[in-house]
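A.B. asks: Structure for the following, please:
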Amino acid sequence: MVFSLKGCINLLSAAFAIVAAILWLQSARVEVWADGQIAPRQDNMVILKNGRMFDVTGTAEAQSRWSAYAAMAAAVAATLQALSLFLKD
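C.D. replies: Predicted coordinates:
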């Protein structure tokens, strides 16, 4: 089985797109709990959720970090896909 350069680049592009999708799913699901904290502080905001203190600020920061990783993976996928357009079959 012989692989062309274009085929390999397309495969890598698809792999990075799947990684981006997984990272964005993680971004949507991440939660940061403020166990042990009994009241809001100036550096974060907490709410009571399911009987536990939920750190809204920490969750937003974690979601932003995971989303940034996903965006980087998507950028690599898009760049590889654009590169494959310039290659012959």
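A.B. asks: where does this protein have low pLDDT?
C.D. replies: 1, 38-40 (pLDDT under 70).
A.B. asks: ok, which stretches of it are helices?
C.D. replies: 5-29, 56-85 (DSSP state H).
A.B. asks: Pull out the buried positions in the last one.
C.D. replies: Read that as helix 56-85. 56, 58-59, 62-63, 66-67, 69-70, 73-74, 76-77, 80-81, 84 (16 or more other C-beta atoms under 10 Å). For glycine as for every other residue, the C-beta is placed from the backbone atoms N, C-alpha and C.
A.B. asks: about what we covered before: now distance to residue 36 too, for the helices of the chain, in CSV please.
C.D. replies: Shown next, in CSV, are the helices of the chain (distance: least, C-beta to C-beta, whole Å):
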stretch, distance to residue 36
helix 5-29, 23
helix 56-85, 13
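A.B. asks: Residue 5 versus residue 87, what's the distance?
C.D. replies: 6 Å (C-beta to C-beta, to the nearest Å).
A.B. asks: nearest spatial neighbour of residue 44, skipping sequence neighbours?
C.D. replies: Using C-beta to C-beta, 6 or more residues apart in numbering and skipping residues adjacent in sequence, the residue nearest residue 44 is residue 57, 4.0 Å away.
A.B. asks: list the contacts for that neighbour?
C.D. replies: Each residue near residue 57 by C-beta atoms under 8 Å, 6 or more residues apart in numbering is listed here: 43, 44, 45.
A.B. asks: Fine, thanks again, bye for now.
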